[in-house]
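**Q** this is the structure alone, sequence omitted:
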């Protein structure tokens, strides 16, 4: 059973992450209709407060000649208890993204 959610504190906010996007379980896009970009697991995830947050995510293109794009983001940090996950995941949902940003890096 995952630990109970911890409330964020001024010491833990703002949350800033740099990570590669990896393949997830595809539940967000297929079951919920809300695709997310699953971030590559990191030991630093253990210290992140669980919850759903509003923020911004910058997508860094793989081509150096392209510019990065920033999106409004709903960010889920946690264990997804509905699915009984035992590993903490970090999943941003890019709000109103015109293309599929899940194939890129996220900051």
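**A** Cool, the structure landed. Because the structure is a prediction, the values reported are computed rather than measured.
**Q** shaky segments in the chain?
**A** Scanning the chain for pLDDT under 70 picks out the ranges 1-11, 97-107.
**Q** nearest residue to the middle of it?
**A** When Cα atoms, centre = their mean is applied to the chain, the residue found nearest the centroid is residue 91 (2.4 Å).
**Q** doesn't that residue belong to a helix?
**A** No - using DSSP: H, G, I helix; E, B strand; the rest coil, the secondary structure at residue 91 is strand, not a helix.
**Q** ok, residue 53 touching residue 74?
**A** Yes - counting by Cβ atoms under 8 Å, residue 74 is a contact partner of residue 53 at 7.5 Å. Where you see a C-beta, it was placed from the backbone N, CA and C, and this is true even at glycine.
**Q** what segments of this structure are strands?
**A** According to DSSP state E, the chain carries its strands in the segments 19-22, 38-39, 51-60, 69-78, 89-94, 105-106.
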